[in-house]
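*Asks:* Predicted model follows, preceded by the sequence.
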Amino acid sequence: MREVTATGQTVEQAIESALFKLDAKKDQVHVDIIDEGKKGLLGVFGSKPAIVKVRLKKDNIKEGEDYLRQVAENMGLTIQVNKQEREKEVVYEMSGEKIALLIGKRGQTLNAIQYLTHLVVNRNTDRHKTVIVDAEGYRNRRKETLQQLAERLAQKAIREKRDVVLEPMPSYERKIIHTALQNNKNVSTYSDGVEPNRKVVIKAE
């Protein structure tokens with residue numbers, strides 16, 4: 001049930017009735033007042049009930065979760081999704097059998113799923129959120145791999161005294177490289193190219 005019409009002696013009572021039917025809180029709904037009603041003589045004669053139409057607001061976070069389940073189902077997988085919502089960020093952690101299929105080579109499938117989920121969560125809303133989609137801790141493992149890669153390629157840039165260009169990465173992975181080398185005074189880093197082929201360049205100083 002996404003929308004109900006309810007009545008009450010007052011507008012507030014009508015809204016409360018609708019919220020009870022929807023099992024929702026006031027900040028989760030839109031309220032349209034159809035008729036403010038009329039008390040009538042002595043509160044009885046000629047009285048007219050207040051009428052409101054109340055509908056649930058779109059839950060983009062839930063839609064993001066549903067989208068992930070749908071993607072997995074289309075791939076023949078059954079997954080569990082644990083979500084953590086913060087003020088400007090939502091993290092979806094997926095788990096289940098054959099989860100590697102949702103990660104793909106170097107996380108490419110997972111990155112694509114994350115991008116599409118980002119579009120779903122931020123569709124038709126002015127409350128933009130950063131969306132992170134993870135699969136059984138892959139993001140942390142990938143972060144460690146990228147940090148090690150950054151150090152190794154920084155040494156290569158210094159040793160060979162030339163720029164080293166990494167493979168294309170999404171913005172949050174490029175940030176890991178930049179952060180890993182920000183205190184290394186022998187190199188500097190910058191991003192070059194156009195999404196989705198934007199790359200980190202490590203430059204020897």
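*Replies:* Sure thing, it's come through.

*Asks:* give the contact list for the residue nearest to the spatial centre of the chain.
*Replies:* Centroid-nearest residue in the chain: residue 131, 3.1 Å away (criterion: C-alpha atoms, centre = their mean). Counting by C-beta atoms under 8 Å, 6 or more residues apart in numbering, residue 131 touches 64, 89-90, 92, 114, 117-118, 121-122. Any C-beta I mention is one placed from the backbone N, CA and C, and that applies to glycine too.

*Asks:* Excluding sequence neighbours, find me the nearest residue to it.
*Replies:* Distances taken as C-beta to C-beta, 6 or more residues apart in numbering place residue 118 nearest to residue 131, at 4.1 Å, with adjacent residues excluded.

*Asks:* Go through the lengthiest helix in the chain and flag the buried ones.
*Replies:* For the chain, the helix that runs over the most residues, judged by DSSP state H, is helix 138-160. By neighbour count on 16 or more other C-beta atoms under 10 Å, the buried set for helix 138-160 is 138-139, 142, 146, 149-150, 153-155, 157-158.

*Asks:* Not counting it itself, show me its contacts.
*Replies:* Residues outside helix 138-160 that contact it (C-beta under 8 Å, 6+ apart): 103, 107, 110, 132, 163-164, 166, 173, 176-177, 180-181, 184, 186-187, 202-204.

*Asks:* Quick check: nearest residue in space to residue 186, chain neighbours excluded?
*Replies:* That would be residue 158: by C-beta to C-beta, 6+ apart, it lies 5.2 Å from residue 186.

*Asks:* So what does residue 98 have for phi and psi?
*Replies:* Residue 98 adopts backbone torsions of phi 60, psi 30, taken as degrees, to the nearest 10.
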